[in-house]
Structure formats: C-alpha cells, structure tokens
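S.K.: Sharing a model that was predicted from the sequence below.
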Amino acid sequence: MASYNYDKFSEDQYDLVNFDGPAPGTRAPDFQVSDLAGGTRRLLDFPGRFLVLEFGSITCPLFQSRRRGMSELVARYPEVSFVVLYVREAHPGGNIPAHGTLADKRRWARELQASLGETREILIDDMDGTVHQAYGGFPNPVFIINRQGCIVYRSVWSNPSATAAALARLMAGKPAPREGLFRPARPPVLLDTLKRAGKGAARDFFLSLPKMVWKNLVRTNLRILLGKPGRVGPDSSC
C-alpha cells in the first residue's frame, strides 16, 4: 500500500514508455468498487451501450485539463455510460496528501464532485489500487468497453477529441481510430491544480518535467503516430 500511495511524485514511479494495461480486443478486468456514498457495485455493471471509463484524481493536472471536454460528451451520447474511477493522488502535497485511508480517498472524490463540479459518476478504487494497476496504472487513461465486456478503444492518456472520434465511429458500427495523442495540461489548470494540492506538489512536478516531456510528448506521440489504426469492432466479443 505504501508504495502505491506515494507521498511525493516522481516520473520514475511510472513506466511511461511501456504501458501494460489491457489492449483493445481483450476482456476488460472487472472488480467490485465503491461509490461516493460508501456502497459497492461491479465496475462493469453499466446500463449504456458502451462504458467510457476514465481514471483520475483531484491532483492530476492532465485529468483536470480534460474534464470539461470529457463531460461534454455525456450530453452528446446519452446512450453511453460515463464513469470516472478515482485513483491515488497523482501529485500529493501539503493540502491533499497521499491517501491514508479509504475515507480519505472518498473525501477527495466527493470534493471533485461537490467543489469542482464533476457531473459524471465517480467510483472509487481500493487502497491498493487494484483496479488502477489492472488497467495499467497510468494517471489518466481512457478505455471504452462494450456490453460484452470487451475493450474496443484505449488511449493511455485522455484526449477528449480522440474519445469523441472513437465514440462516433463505434456508434456507427465501425472500429475506433487509433488512440489520442498526448497533449500537455493547460498551464492555468496545471498551476491551479498543483496549488490546490499544496506544498511540495509543484516542486516534485517540475523536477520531473524534462523527463516527462521526453517520454510523453515525444516518445509516446511518435509511437501513436507510427502505430496502426484500431481494428476492433464495436460488438466484438473476447
């Protein structure tokens, strides 16, 4: 638990080059998760034609930069289910430290809804990050899962435009396109998020920034641009 809920961020805690989460065409891992009220449910128990599953936390600048764009898709696709799975704090600081208990984790997940206006359903991973690690452990990936429990689209970094394009094709009965390019957090959102996290968060972030630029903005985007488009149909079974 201690190694998962780190007290200080460093890019060395993530293998940002080799994402080992489940790929399109494979079965989505299913787990029991908590909701904001303290109840439990199965992650893949969703009513929509597809589930758009995004991972994030209140101290993740990338997640915070994407929230508006991702939330706009909810109105565009009422027949699709949208869930945010709350994971460890990406950039813990003096105000929002690493989670010590599940109650801490639930507190900040509630804050994401109450103070920051997140409108999508928020579910909560356990203290060991069981679901998070099963899905690759990155701070802000997105998966689209069909009713058969098959992953039909994956982006290791959330990209609302790419997710919208994927949903449009899937709803039309076509395979989703390639995953979205990595785009940095918007500077005002980045600074606001780190300030909200509190003392130490900004320092830890900027110490790791050069390596993150190289691994995400350069290497990740080259991999995506040189990769092949998706081939998994919307009704695939796996």
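M.R.: The structure has been received and is ready for your questions. Numbers count the residues shown, from 1 in each chain.
S.K.: quick one: which helix or strand includes the residue minimising distance to the centre of the chain?
M.R.: Central residue of the chain (C-alpha atoms, centre = their mean): Phe55, 2.3 Å from the mean position. Take DSSP states H and E as the rule and Phe55 turns out to sit in strand 50-56.
S.K.: ok, and what's touching that strand?
M.R.: Residues from elsewhere that reach strand 50-56 (C-beta atoms under 8 Å, 6 or more residues apart in numbering): 28, 43-44, 62-64, 66-67, 70, 73, 80-87, 120, 132, 135, 138-147, 152, 158, 163, 167, 170, 234. Just so you know, the C-beta spots here come from the backbone N, C-alpha and C atoms, and that holds for glycine as well.
S.K.: Report the distance from it to the chain centre.
M.R.: Distance of strand 50-56 from its chain centroid, counting by C-alpha atoms, centre = their mean, to the nearest Å, is 7 Å.
S.K.: Downstream of it, the next helix or strand is which one?
M.R.: helix 61-76.
S.K.: What ranges does this structure have for its helices?
M.R.: Secondary structure of the chain (DSSP state H): helices at 61-76, 102-114, 130-134, 160-171, 187-197, 201-212, 221-226.
S.K.: Please identify which of those helices is closest to Pro24.
M.R.: helix 160-171 (10.0 Å; C-beta to C-beta).
S.K.: I'd like the mean pLDDT over the closest one, please.
M.R.: In this model, helix 160-171 has a mean pLDDT of 97.
S.K.: re earlier: tell me which of the contacts of strand 50-56 fall in strands.
M.R.: Using DSSP state E, the subset of those located in strands is Ser81, Phe82, Val83, Val84, Leu85, Tyr86, Val142, Phe143, Ile144, Ile145, Asn146, Val152.
S.K.: picking up where we left off before, tilt between the strand holding Phe55 and helix 160-171?
M.R.: Put simply, strand 50-56 runs at 160 degrees to helix 160-171, going by axes from the mean of the first three to the mean of the last three C-alpha atoms, to 10 degrees.
S.K.: who does strand 50-56 pair up with?
M.R.: Here strand 50-56 is paired, per DSSP bridges, with strand 81-86 (parallel), strand 142-146 (antiparallel).
S.K.: Just the angle for it relative to helix 102-114, thanks.
M.R.: 110 degrees.
S.K.: let's have the chain start at 559 instead
M.R.: Yes, from this point I'll number from 559; that puts the last item at strand 608-614.
S.K.: picking up where we left off before, dump the helices of the chain to a markdown table, plus mean neighbour count and distance to Tyr564.
M.R.: Listed next are those as a markdown table, based on neighbours: other C-beta atoms under 10 Å; distance: least, C-beta to C-beta, whole Å:
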| stretch | mean neighbour count | distance to Tyr564 |
| --- | --- | --- |
| helix 619-634 | 18 | 17 |
| helix 660-672 | 17 | 14 |
| helix 688-692 | 18 | 13 |
| helix 718-729 | 19 | 27 |
| helix 745-755 | 17 | 13 |
| helix 759-770 | 16 | 10 |
| helix 779-784 | 12 | 26 |
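S.K.: would a markdown table of those with distance to Lys566 be doable?
M.R.: Formatted as a markdown table, those follow (distance: least, C-beta to C-beta, whole Å):
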| stretch | distance to Lys566 |
| --- | --- |
| helix 619-634 | 16 |
| helix 660-672 | 17 |
| helix 688-692 | 18 |
| helix 718-729 | 29 |
| helix 745-755 | 11 |
| helix 759-770 | 5 |
| helix 779-784 | 27 |
